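S.K.: Sharing a model prediction with you, sequence too.
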Amino acid sequence: MNKHPALFPGCASQRVATAEGVEINAVVGGSGPPLLLLHGHPQTLSIWHRVAPTLARSFTVVAADLRGYGDSSKPPGGADHARYSKREMAADMQSLMLTLGHERFAVLAHDRGARVAHRLAVDHPAAVRRLVLLDIAPTPDMYALANDDFARAYWHWFFLIQPAPLPERLIEADPAAYVRDVMGRRSAGLAPFDPRALAEYQRCMALPGAAHAICEDYRAAAGIDLEHDRSDRTQERRLAQPLLALWGAEGVVQRCFDPLALWRRIATDVQGEALPCGHYIPEEAPELLLAKALPFLLEDA
């Protein structure tokens, strides 16, 4: 359940079991066409607390904890890390939305959640109406174009994929410090975060299995997810849905990549721009995000 309902007034907690038996935690509120919100690392659905009330005036908002994060299930990973592939995590979200009665929906997603949203749109094109992806470029390109600047800023990409149990043991030694260090070393520091939301991120990082789950997410990204993405490119499978890409002008995606050019290689209908903020757009620049995302999401709704 959502441990801080004050962050989402008027929303109801939901816990939905997928066909695989994974339980997905979500909060649901508002009315109108369905909109799925997916968070990033090392956070939870609480990242949306500053934009969800406005979005709920126009949409039925479903903010979910990804598999392995927040209060969703944290199954053990396997040798190939497939349980945390973006394909499996995307299937969780389609199952969640179908269970809630939504066969077709829009997606607004940040960071790891945006990678899940990308896979969801590719694997389940009839389900995703349009999508907004925040502060990412396609995963294979971010690995292929990695430089010194990227590696220093995104050190956790390379730390979390180390064989178990090394990174798990280090995170579990002080989960709250891990959250503070990962989030606080970005361009804006910890100043943008509501103390209640930050406490929620720290609470969830300390849950049993959480450290292992986030490591498996990144291990999958560096392995089986790349296989899936490369297969899409070999088969020329492209995103057909309208895509809005937004990223922080003060972040690493801006410094190291050309997000629009990279998305246009694999999607047919792409627009986007940098916003004057860092990585955590929903919390650093909620009004700007709403100004850009709402008109896009309401098209053809």
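M.R.: Okay, I see it.

S.K.: so where is this protein shaky, pLDDT-wise?
M.R.: 1-4 (pLDDT under 70).

S.K.: What segments of it are strands?
M.R.: Using DSSP state E, the strands of the chain run over 12-17, 23-30, 34-38, 60-64, 105-110, 128-134, 243-248, 270-275.

S.K.: Of those strands, which is nearest Glu172?
M.R.: strand 23-30 (21.1 Å; Cβ to Cβ). The C-beta positions use only the backbone N, C-alpha and C, and glycine is treated the same way.

S.K.: how big is the angle separating that closest one from strand 34-38?
M.R.: 130 degrees (axes from the mean of the first three to the mean of the last three Cα atoms, to 10 degrees).

S.K.: re the thing from before, okay if I get the strands of the chain as TSV plus distance to Ala261 and mean neighbour count?
M.R.: Shown next, in TSV, are the strands of the chain (distance: least, Cβ to Cβ, whole Å; neighbours: other Cβ atoms under 10 Å):
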stretch	distance to Ala261	mean neighbour count
strand 12-17	37	15
strand 23-30	34	22
strand 34-38	24	27
strand 60-64	30	27
strand 105-110	20	27
strand 128-134	15	25
strand 243-248	10	24
strand 270-275	9	17
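
S.K.: could I get those strands as TSV with distance to Leu288?
M.R.: Shown next, in TSV, are the strands of the chain (distance: least, Cβ to Cβ, whole Å):
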stretch	distance to Leu288
strand 12-17	28
strand 23-30	21
strand 34-38	17
strand 60-64	19
strand 105-110	14
strand 128-134	11
strand 243-248	9
strand 270-275	5
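
S.K.: Of these, which is nearest Ala188?
M.R.: With Cβ to Cβ as the yardstick, what comes closest out of the strands of the chain is strand 243-248 (8.9 Å).

S.K.: Show me what the closest one is packed against.
M.R.: For strand 243-248, the packing partners by 3 or more Cβ pairs under 8 Å, 6 or more residues apart in numbering; DSSP states H and E come out as strand 128-134, helix 252-256, helix 259-264, strand 270-275, helix 281-284, helix 286-298.

S.K.: try 7 Å
M.R.: With contacts taken as 3 or more Cβ pairs under 7 Å, 6 or more residues apart in numbering; DSSP states H and E, strand 243-248 sits against strand 128-134, helix 252-256, helix 259-264, strand 270-275, helix 286-298.

S.K.: Of all the ones you listed, which one comes closest to Ala117?
M.R.: strand 128-134 (5.4 Å).

S.K.: Can you lay out the helices and strands packed on strand 243-248 as TSV showing distance to Leu243?
M.R.: Output for these, formatted as TSV (distance: least, Cβ to Cβ, whole Å):
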stretch	distance to Leu243
strand 128-134	6
helix 252-256	15
helix 259-264	6
strand 270-275	5
helix 286-298	9
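
S.K.: out of these, nearest to Asp229?
M.R.: The nearest among the helices and strands packed on strand 243-248, by Cβ to Cβ, is helix 259-264 at 11.9 Å.

S.K.: mind saving the C-alpha coords of that closest one as CSV?
M.R.: The C-alpha trace of helix 259-264 is given here as CSV (Å, rounded to 0.1, in the frame of the first residue of the first chain):
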residue,chain,number,x,y,z
PRO,A,259,18.2,12.3,-27.6
LEU,A,260,16.0,13.4,-30.4
ALA,A,261,18.4,12.0,-33.1
LEU,A,262,18.7,8.7,-31.2
TRP,A,263,15.0,8.3,-30.7
ARG,A,264,14.3,9.1,-34.3
